[in-house]
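Engineer: pasted the sequence and its predicted model underneath.
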Amino acid sequence: MKQYKLHQETFCPDKFKIDYQAELNKEQLDVVLHGEGSCLVLAGAGSGKTRTLVYRVAYLIEKGINPKNILLVTFTNKAAKEMLNRVEVLLKCQPKGLWGGTFHHIGNMILRRYAKVLGYNSKFNILDQEDSKTLLKAVMGELNLNYKDKYFPKPDVIQAIISFSSNSQKPIEQVVLDKYGYLDPKLISVIELVNKEYQKKKFKTNVMDFDDLLTNWLKLLKKDKEVKNKLASQFKYILVDEYQDTNKIQSEIIYELGSVHKNILVVGDDCQSIYSFRAADINNILSFPERLKGTKIFKLETNYRSSPEILKLANCSITYNLNQYQKVLQPVLASKQRPALVPLKDGEQQAEFICQRILELQEEGSTLDDMAVLFRSAFQAMEMELELNKRNIPYQMRGGIKFFEQAHIKDVVAFLKIMANYHDELAWKRVLLLNDGVGPANAERVWQEIKPNENLKNAISSLVKISVSEKVTRSLEKLNSLLNTLVAQEKDFIATAIKLIIKSEYEIYLKANFENAKDRIEDLNQLANFALQYEKLENFLSDVTLSQSFKGEQIEGYQEGPDESLVLSTIHQAKGLEWKCVFLLGLVEGQFPHYKIYEHPEEIEEERRLFYVAVTRAKDELYLTYPIISFSFTTGENINKPSSFISELDDNLFEPWQVNESSYASDEASEDEDVIDYDKPARLGPLREASRGQDKKIRKHEFLRSITYDDLEE
């Protein structure tokens, strides 16, 4: 038998050398060649931070550092795989032994080796999110907690509270009071008890959840000095990507691991720290030089992504933040058009404009893949989704479910479907299952009683004539009362019905079942505002159903070509991505920046960082749009105040666009591109009154800046 031996090379051959000066710009080269000791690399958007990290790792290996002495930590498995592959391509060999991956991946590897120090068996299992909820249910059952009661927070909510407490290192009481203020304070001690028993049960059954991979890793380093010194001695060089997104545990782990050699190089951009809701702490990057004296600070300010005009706007905007490292993105690309500032009549016209411009850009040679529509909150995309569907423009909702396909939207729409067609079995069953004590069997039983009725009124009345348990009877009586109340509504029926559904038992259901209940309630309130535009229920339901069922590639007769679709995305989900053309919609006060800043003004800086992230996603073209008029269930039609992120900037940073529509702009206005006729829509309230005796036309930027809170209709 012929023997064949594989060569196990730990180090790469030295016959190939990288020409770093030719491959990197001066800023990047400085980091790669001089990244010894504690180093903070402030990498602006589009400045090539990944390239810099990859070349730094390659440089260390070329200089003779054993790969097993290098730790490269990233935030996603995709990023880790990409970096390790690029290192391999650069060196033209596989640097075996290099430690690379996410915090959780590295934590798992280390805990497998030293689990016994913490009392675990090295063969512990890892609970995914669903497993974690199942275990929490078991704990709550053993504690005889009536978690099936609709008033009691479900495992999803308790899991979210425990997880945030763990990652932020804040007590459960503080987390509940800060983030879940709608929960009964009496529940705090109950949640603390559940957490205590949950931790015990995990330990007893030799399992860890994702959060444990971090907390136990840090506990290991704090508890056993020998293990800590062994690991800290092994990792001579530690490199961390996206440091602005680390939480307190992750930053402490890095300090512990770097305690021997103190070669810690962290890369990040404080201006892109936008994940505080996930327990990311911007102070980790802001305080890094204070924690490690003598830290060298590098800045990557050369931007390879965006046009000079886009960068000028982004640079100007972020200067309004006080808590930051000063840096100015410098363009490489040639000059393009200025970002467009486009005020639209309302949300519907905003969607029409964006769709029309998208189709024009396609005609000019761009693909749908080149474009994205970004927004602060999911509900802002309602009109956009409907318009895209009407025009058969394929799109994907990045990182989430399309607005009208979300469970809470479909729940409320099910009530309205019953109002429109009481024969709708699926709508009835969806509504019935929301009620306390009603499971699939009872829902079917109730439906059999509803089905024979000849009209909606009789169908609703049959709910209180069914012989069921006392608990189910109480639920059906409440449902009967709500449905009768809905039937009795006349003015603004759809919007009023949605508001009544929210304020019924459904709001309690949301708060008990979803950790993001506040966001879902906000979605429904905005759905009610959106519904004010509809007089006929069937038209509203048709549009919603069209949006739910639309799939570009499934249109009858549609021949699928190359995969191509427009991206719709919240800004949070868009971080790290880029497009040739970006539309940023809904730039009005109370939406972006979010209204939460009125109660927590300190959060304005993170909101502005969100704006900065959104703007720097665009390469060539950026459209900033907002509706002048919005509809509110409580105050009717209102004039919106343009976002402070627009009003605080100089006019010369934008190219004002005027959108003309025969029912909106006068013929005379169309002759002057820099004017807007605001006398036409008879719904501008105080502004209209204030304009009497004055020229009915004002320059667009003056109109935009002239709106104040005092001008809003009460």
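Structural biologist: That came in fine, so what should we check first?
Engineer: strands along the stretch 101-250 of the chain, start to end?
Structural biologist: Under the criterion DSSP state E, counting those that start in this stretch, the stretch 101-250 of the chain contains strands at 125-127, 207-209, 237-240.
Engineer: of those, which is nearest D523?
Structural biologist: In terms of CB to CB, the element of the strands of the stretch 101-250 of the chain nearest to D523 is strand 207-209, at 28.6 Å. From N, CA and C alone the C-beta is placed, and that goes for glycine too.
Engineer: if we can go back for a sec, can you redo the strands of the stretch 101-250 of the chain as JSON lines with distance to N484, mean neighbour count and mean pLDDT?
Structural biologist: Conversion of those to JSON lines gives the following (distance: least, CB to CB, whole Å; neighbours: other CB atoms under 10 Å; pLDDT from 0 to 100):
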{"stretch": "strand 125-127", "distance to N484": "45", "mean neighbour count": "16", "mean pLDDT": "90"}
{"stretch": "strand 207-209", "distance to N484": "46", "mean neighbour count": "21", "mean pLDDT": "93"}
{"stretch": "strand 237-240", "distance to N484": "60", "mean neighbour count": "24", "mean pLDDT": "97"}
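Engineer: tell me which of those strands sits nearest to G97.
Structural biologist: With CB to CB as the measure, strand 237-240 is the member of these nearest G97 (13.0 Å).
Engineer: for that closest one, name the packing helices and strands.
Structural biologist: Other elements packing on strand 237-240 under the criterion 3 or more CB pairs under 8 Å, 6 or more residues apart in numbering; DSSP states H and E are helix 49-62, strand 70-74, helix 248-257, strand 264-268.
Engineer: dump those to CSV, plus mean neighbour count and distance to A427.
Structural biologist: Below are the helices and strands packed on strand 237-240 laid out as CSV (neighbours: other CB atoms under 10 Å; distance: least, CB to CB, whole Å):
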stretch, mean neighbour count, distance to A427
helix 49-62, 22, 49
strand 70-74, 24, 46
helix 248-257, 21, 46
strand 264-268, 25, 49
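Engineer: nearest to S467, out of these?
Structural biologist: Between S467 and these, the shortest gap by CB to CB is with helix 248-257, which sits at 55.1 Å.
Engineer: would you mind pulling the contact partners of that closest one?
Structural biologist: Where contact means CB atoms under 8 Å, 6 or more residues apart in numbering, the residues beyond helix 248-257 that reach it are 71, 73, 103, 107, 166-169, 214-215, 217-218, 221-222, 228, 231-232, 235, 238, 240, 246, 264, 266, 279, 281, 284, 291-292.
Engineer: so what's the gap between that helix and the chain middle?
Structural biologist: Average the C-alpha atoms of helix 248-257, do the same for its chain, and the two points are 25 Å apart (CA atoms, centre = their mean, to the nearest Å).
Engineer: what angle do that helix and strand 264-268 make?
Structural biologist: Here the directions of helix 248-257 and strand 264-268 differ by 150 degrees (axes from the mean of the first three to the mean of the last three CA atoms, to 10 degrees).
Engineer: which elements pack onto the longest strand along the chain?
Structural biologist: Residue-count comparison of every strand in the chain, with assignments taken from DSSP state E, identifies strand 618-627 as the longest. Under the contact definition 3+ CB pairs under 8 Å, 6+ apart, strand 618-627 sits against helix 308-318, strand 340-344, helix 347-363, strand 579-584.
Engineer: quick one: that strand to chain centroid distance?
Structural biologist: Shown here is strand 618-627, whose average C-alpha point lies 19 Å from the average C-alpha point of the whole chain (CA atoms, centre = their mean).
Engineer: for stretch 251-263, same thing?
Structural biologist: 31 Å.
Engineer: for C39, what are its contacts?
Structural biologist: The neighbourhood of C39, defined by CB under 8 Å, 6+ apart, consists of V31, I264, L265, V266, T295, K296, I297, F298.
Engineer: the fourth one bridge partners, please.
Structural biologist: What it means is V266. Here V266 shows beta-bridge partners L40, V240, assigned using DSSP bridges.
Engineer: got phi/psi on the residue nearest the centre of the chain?
Structural biologist: With the centre of the chain defined as its mean C-alpha position, the nearest residue by CA atoms, centre = their mean is H572, 3.7 Å away. Note on H572: backbone dihedrals following degrees, to the nearest 10 are phi -60, psi -40.
Engineer: ok, it touching R278?
Structural biologist: No - counting by CB atoms under 8 Å, R278 is not a contact partner of H572; they are 9.2 Å apart.
Engineer: mind checking the strands of the stretch 101-250 of the chain for the one nearest to T134?
Structural biologist: Closest approach to T134 among those is made by strand 125-127 (8.4 Å; CB to CB).
Engineer: counting by contacts, list what the closest one packs against.
Structural biologist: Here strand 125-127 touches strand 207-209, helix 210-223, going by 3+ CB pairs under 8 Å, 6+ apart.
Engineer: so how far is that strand off the chain centroid?
Structural biologist: If you compare the mean C-alpha spot of strand 125-127 with that of the full chain, they lie 26 Å apart, counting by CA atoms, centre = their mean.
Engineer: and the contacts of it?
Structural biologist: Here strand 125-127 makes contact (CB under 8 Å, 6+ apart) with N108, L135, K202, N206, V207, M208, D209, F210, L213.
Engineer: of these, which is the nearest to E507?
Structural biologist: Nearest to E507 among the contacts of strand 125-127 is L135, at 28.5 Å by CB to CB.
Engineer: what separates E405 from M1, distance-wise?
Structural biologist: Taking CB to CB, to the nearest Å as the measure, E405 and M1 are separated by 61 Å.
Engineer: contacting residues around E507?
Structural biologist: With contacts defined as CB under 8 Å, 6+ apart, the neighbours of E507 are I521.
Engineer: I521 versus the closest residue to Q362 other than its chain neighbours, what's the distance?
Structural biologist: Leaving aside its chain neighbours, Q362 sits nearest to L368 (7.0 Å; criterion: CB to CB, 6 or more residues apart in numbering). According to CB to CB, L368 stands 33 Å off from I521.
Engineer: identify the residues contacting H104.
Structural biologist: Neighbours of H104 in contact, by CB under 8 Å, 6+ apart: F210, L213, L214.
Engineer: of the residues you listed - the most surrounded one?
Structural biologist: Comparing those by number of neighbours (other CB atoms under 10 Å), L214 comes first, having 22 neighbours.
Engineer: hmm, that one is touching I106, no?
Structural biologist: No - under the criterion of CB under 8 Å, L214 makes no contact with I106, lying 10.0 Å away.
Engineer: and of the contacts of H104, the nearest to K116?
Structural biologist: Distances from K116 to the contacts of H104, taken by CB to CB, are shortest for L213, at 16.4 Å.
Engineer: report pLDDT for the closest one.
Structural biologist: We have a pLDDT of 95 for L213.
Engineer: can you get me a residue count around R474?
Structural biologist: Residues near R474, counting by other CB under 10 Å, number 14.
Engineer: for L463, see how far away it is.
Structural biologist: Using CB to CB, one obtains 12 Å as the distance from R474 to L463.
Engineer: tell me which two in the contacts of strand 125-127 are the farthest apart.
Structural biologist: Using CB to CB, the two most remote members of the contacts of strand 125-127 are N108 and L135, lying 18.4 Å apart.
Engineer: for stretch 341-360, buried residues please.
Structural biologist: Residues of stretch 341-360 classed as buried by neighbour count (16 or more other CB atoms under 10 Å): 341-355, 357-358.
Engineer: picking that back up, would you turn the contacts of H104 into CSV with distance to K417?
Structural biologist: Shown next, in CSV, are the contacts of H104 (distance: CB to CB, whole Å):
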residue, distance to K417
F210, 39
L213, 44
L214, 45
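Engineer: what is the nearest of the residues you listed to R430?
Structural biologist: F210 (31.9 Å).
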